[in-house]
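>>> Next comes the sequence, and after it the predicted model I'd like to discuss.
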Amino acid sequence: MSADPLPPLPFGARLQAAMAEYGPLCAGIDPHRGLVESWGLTYDLAGLERFTMTCVEAFGGAVAAVKPQSAFFEVFGAKGVALLERALTDLRDAGTLTVLDVKRGDIGTTADAYGEAFLGTDAPAAADAITLSPYLGYGSLRPAIDLAHQTGRGVFVLALTSNPEGAQVQHARLADGRSVAGAIADDAAADNAGARSRGELGSVGLVVGATVGSAVADLGVDLPAMGGPILAPGLGAQGATAADVRSVFAGALGQVLASSSRDVLRAGPDVSSLRARAREVATQVADITAA
């Protein structure tokens, strides 16, 4: 009689190990028209493929995580999505974690289907983690979060984004006085309680922009207690400084996974230059977030 298979290692634990080995950087693959053409490529399926696979070759085995932006593949239809699936598979084969930026959020059977599409055991576009939007209520994310825990994958929930319009919802106050962003962090903390009790990084993370200024403190968003990783866009091209990062994420610097796309991708199209820039940024972020 064969033994039951071991449960998958949680995403949070795998990410924590990858950040320790490679530095806390999530390199983006954002093949929008301007970047693709800046590499001297045509903005068509052939250019998309060359851009994407150059990034896969440069980042695979070199950074903690890679974040493809799904929209820039979906715009090319089924063939673009097939290329995205190929990139995710190749990065997985290289031993590199992937965070698929899809920002899904829905209810009922639709939420179940979105979860299976990206987090299920047999998902065609399987990623190690995906981004989720909680603005149909954090509870609407339950199918994806539960499935991620079952399959050893993770999620990053939008909490405090850097776009000005986000404040209209994220800064709003609930009847109990908590901000919407603070309540989302509290819910994530509850989902990460088991991991925290084991001294591990949780698998439910938040997206918090490095450019949000004093919003984390002003809104009572308890990032250290949340216990999961913090996907933090804003370094480099978006203007966040080292001082901004230390201020915004005070007390939670060890949880920060900085997301950088344009700052790294401008080093292309040469594979070695792209890889070197990613490693350089990873080192810079490690220095900024060192306790």
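Cool, the structure landed. In this text the structure is predicted, and so the values were computed from the model without any measurement.

>>> Might you list the low-confidence residue ranges for this protein?
Confidence mapping of the chain against pLDDT under 70 gives the ranges 1-7, 236-238, 291.

>>> how about the strands of it, start to end?
Along the chain, counting by DSSP state E, strands occupy 25-29, 65-68, 97-104, 129-132, 154-160, 204-208, 230-233, 256-260.

>>> can you give me how far stretch 170-190 is from the chain middle?
21 Å (CA atoms, centre = their mean, to the nearest Å).

>>> CA atoms of that stretch as PDB?
Provided in PDB are the C-alpha atoms of stretch 170-190 (Å, rounded to 0.1, in the frame of the first residue of the first chain):
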ATOM      1  CA  GLN A 170      -9.500  51.700  -0.700                       C
ATOM      2  CA  HIS A 171      -9.500  54.700   1.800                       C
ATOM      3  CA  ALA A 172     -13.200  54.500   2.500                       C
ATOM      4  CA  ARG A 173     -14.200  53.700   6.100                       C
ATOM      5  CA  LEU A 174     -16.500  50.800   7.200                       C
ATOM      6  CA  ALA A 175     -19.100  51.000   9.800                       C
ATOM      7  CA  ASP A 176     -16.700  49.700  12.400                       C
ATOM      8  CA  GLY A 177     -14.300  52.600  11.600                       C
ATOM      9  CA  ARG A 178     -11.700  50.500   9.800                       C
ATOM     10  CA  SER A 179     -10.600  51.500   6.300                       C
ATOM     11  CA  VAL A 180     -11.400  49.200   3.400                       C
ATOM     12  CA  ALA A 181      -7.600  48.600   2.900                       C
ATOM     13  CA  GLY A 182      -7.200  47.900   6.600                       C
ATOM     14  CA  ALA A 183     -10.000  45.400   6.600                       C
ATOM     15  CA  ILE A 184      -8.500  43.600   3.600                       C
ATOM     16  CA  ALA A 185      -5.200  43.300   5.500                       C
ATOM     17  CA  ASP A 186      -7.000  41.900   8.500                       C
ATOM     18  CA  ASP A 187      -8.700  39.300   6.400                       C
ATOM     19  CA  ALA A 188      -5.400  38.300   4.800                       C
ATOM     20  CA  ALA A 189      -3.900  38.100   8.300                       C
ATOM     21  CA  ALA A 190      -6.600  35.500   9.300                       C
END
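
>>> so can I have CSV of the strands of the chain showing mean neighbour count?
All C-beta atoms are positioned from the backbone trio N, CA, C, and that covers glycine. Converted to CSV, the strands of the chain look like this (neighbours: other CB atoms under 10 Å):
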stretch, mean neighbour count
strand 25-29, 28
strand 65-68, 27
strand 97-104, 23
strand 129-132, 27
strand 154-160, 27
strand 204-208, 27
strand 230-233, 26
strand 256-260, 26
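
>>> Now those in TSV, please, with extra columns for distance to residue 120.
Formatted as TSV, these follow (distance: least, CB to CB, whole Å):
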stretch	distance to residue 120
strand 25-29	22
strand 65-68	18
strand 97-104	13
strand 129-132	11
strand 154-160	13
strand 204-208	17
strand 230-233	22
strand 256-260	23
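
>>> can you tell which of those strands is closest to residue 283?
strand 25-29 (8.7 Å; CB to CB).

>>> can you give me the angle the closest one makes with strand 256-260?
Here strand 25-29 runs at an angle of 30 degrees relative to strand 256-260 (axes from the mean of the first three to the mean of the last three CA atoms, to 10 degrees).

>>> ok, back up a step: looking at the strands of the chain, spot the one closest to residue 289.
Taking CB to CB, strand 256-260 is the member of these nearest to residue 289, at 5.1 Å.

>>> Could you list every helix and strand that the closest one packs against?
strand 25-29, strand 230-233, helix 271-289 (3 or more CB pairs under 8 Å, 6 or more residues apart in numbering; DSSP states H and E).

>>> can the ones you listed go into TSV with extra columns for distance to residue 49?
Formatted as TSV, the helices and strands packed on strand 256-260 follow (distance: least, CB to CB, whole Å):
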stretch	distance to residue 49
strand 25-29	12
strand 230-233	25
helix 271-289	15
